[in-house]
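In: no sequence on this one, just coordinates:
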């Protein structure tokens, strides 16, 4: 199997409404050369991959795979917010959609939030237009709330918590949303505001 298929080149060329001659002119090769690639009687030199992909309006990865890649998450969507936490160093990553992240040599899976249970209960008050949350949870190095986030339809505010500090956070209220908080032993929890 070759590293690039003639069928892919032809499909991408036709999708751009280019003739073999026009494509050849864009990358400084003859139309006969393009024809050889498409009939798999020859292969483009590796130095031509980027110019060829650019002329065809695709990425090099798409050119090599022969498939157009459509980003279904172009604008991001806060409703699809995902958190990832490194179990080694505690690094926190969040994205507006699923992604592939690693830290400390470990691939991080997205955290799936659960409803708070008795061990992870909290109280929520609204003093002076804010949201004040107190967690009824230990705050030791071995077992603690690592962060809390307030998520509305258009914003995310994250507060980092550290062992041996008070298990409480205060956010400026900016509308309906949800509170997500992470226990280093039991994972991610979610409750509505």
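Out: Nice, thanks for sending it over. This structure is a prediction, so every number in the text was calculated from the model and none was measured. Numbering: from 1, shown residues only.
In: Report back the residue of this protein that's furthest from centre.
Out: Going by C-alpha atoms, centre = their mean, the residue of the chain most distant from its centre is residue 32, 42.1 Å out.
In: for this structure, which residue is closest to the average position?
Out: Taking C-alpha atoms, centre = their mean, the centroid of the chain lies closest to residue 99, which sits 3.2 Å from it.
In: any idea how far residue 90 is from that residue?
Out: 19 Å (C-beta to C-beta, to the nearest Å). From N, CA and C alone the C-beta is placed, and that goes for glycine too.
In: go on, residue 35?
Out: 57 Å.
In: Please apply the same query to residue 175.
Out: Look at residue 175 and residue 90: by C-beta to C-beta, they are 29 Å apart.
In: List the buried residues in stretch 163-176.
Out: By 16 or more other C-beta atoms under 10 Å, the buried positions in stretch 163-176 come out as 167-171, 173.
In: nearest to residue 44, of those?
Out: Closest approach to residue 44 among these (C-beta to C-beta): residue 171, at 55.0 Å.
In: Which helix or strand contains the closest one?
Out: Secondary structure assignment for residue 171, by DSSP states H and E: strand 168-172.
In: what angle separates whichever helix or strand comes after that strand from strand 168-172?
Out: Using DSSP H and E, the helix or strand that follows strand 168-172 in sequence is strand 177-183. Counting by axes from the mean of the first three to the mean of the last three C-alpha atoms, to 10 degrees, strand 177-183 points 150 degrees away from the direction of strand 168-172.
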